[in-house]
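Colleague: predicted model, plus sequence, below.
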Amino acid sequence: MCRSIKTLRPPFAEQVTSTDIRAAALQYVRKVSGFHRPAAHNAEAFERAVDAIEEATAELLASLQVRGARA
């Protein structure tokens, strides 16, 4: 699922912006919900989900400890 979401941690991505994290969260919610753009009556729930996933993703990335490359 969501194969086109890129990995957002080193060494796969050296600089990850909040825009990158938001885009990944949006893509995930679109995939799970089946909506590219939700109808007006679903827009608030859709945006809350994107916000929650964006926050969780930023927290995850900030907490990860990436080991150095092995020789």
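Modeller: Cool, the structure landed.
Colleague: check contacts around A49.
Modeller: Counting by C-beta atoms under 8 Å, 6 or more residues apart in numbering, A49 touches 29, 32-33. No exception for glycine: its C-beta is placed from N, CA and C like everyone else's.
Colleague: so it: helix, strand or coil?
Modeller: helix (DSSP: H, G, I helix; E, B strand; the rest coil).
Colleague: distance-wise, check it relative to P38.
Modeller: Note on A49: its distance to P38, by C-beta to C-beta, to the nearest Å, is 10 Å.
Colleague: one more: A58?
Modeller: To P38, A58 is 23 Å away according to C-beta to C-beta.
Colleague: next: V32.
Modeller: 12 Å.
Colleague: please say which of these two ends up with more neighbours.
Modeller: Neighbour comparison, V32 and P38: the larger count goes to P38, with 17 against 12 (by other C-beta atoms under 10 Å).
Colleague: pLDDT weak spots in the protein?
Modeller: The model of the chain has pLDDT under 70 over residues 1-3, 69-71.
Colleague: what ranges do the strands span in it?
Modeller: Assigned by DSSP state E, the chain shows no strands.
Colleague: residue boundaries of the helices in this structure?
Modeller: For the chain, the helices defined by DSSP state H cover 18-33, 40-63.
Colleague: centre of the chain to the last one, how far?
Modeller: Distance of helix 40-63 from the chain centroid (C-alpha atoms, centre = their mean, to the nearest Å) equals 8 Å.
Colleague: got the angle for it vs helix 18-33?
Modeller: Per axes from the mean of the first three to the mean of the last three C-alpha atoms, to 10 degrees, the angle that helix 40-63 makes with helix 18-33 is 130 degrees.
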